[in-house]
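Participant: Next one to model:
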Amino acid sequence: MVAGALPIVAAVGTAATPAIAGAAMQHPDKLAAGSKAIVDIASGWFDPGPPPASVPGYAGSGAKWMYDKYKEKSRETT
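Facilitator: Next comes the predicted model:
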């Protein structure tokens with residue numbers, strides 16, 4: 001990266017921050033739904049037992065199951 005590019009990137013990021021915050025504040029329902037989806041995915045991945053009864057919860061649980069199977073297969077081949 002060019003040494004002069006860092007201040008430019010920082011300036012662009014600083015200028016974009018109010019626009020991003022404004023967009024998030026215009027749609028708090030979408031922000032809340034997105035936050036709940038992230039929590040359900042994480043809960044499905046990390047918490048033992050059945051996942052939250054939602055599509056993101058099942059997706060997180062399924063991804064964790066596939067990851068565990070992948071790790072088992074990796075151990076068998078080494």
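Participant: Could I get the buried residue list for stretch 53-72?
Facilitator: Of the residues in stretch 53-72, Ser54, Pro56, Gly57, Tyr58, Ala59, Gly60, Ser61, Lys64 count as buried by neighbour count, 16 or more other CB atoms under 10 Å. Using the backbone N, CA and C atoms, a C-beta is placed for each residue, glycine as well.
Participant: Quick one: mean pLDDT over it.
Facilitator: Averaging pLDDT along stretch 53-72 gives 90.
Participant: Enumerate residues external to that stretch that contact any of its residues.
Facilitator: Lys36, Ala37, Ile38, Asp40, Ile41, Ala42, Ser43, Gly44, Trp45, Phe46, Pro50, Pro51 (CB atoms under 8 Å, 6 or more residues apart in numbering).
Participant: Just the buried residues from those residues, in ChimeraX please.
Facilitator: Of those, the buried ones go into a single ChimeraX selection, burial set by 16+ other CB under 10 Å:
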select :37,40,41,43,44,45,51
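Participant: Could you single out the nearest of the contacts of stretch 53-72 to Arg75?
Facilitator: Trp45 (20.1 Å; CB to CB).
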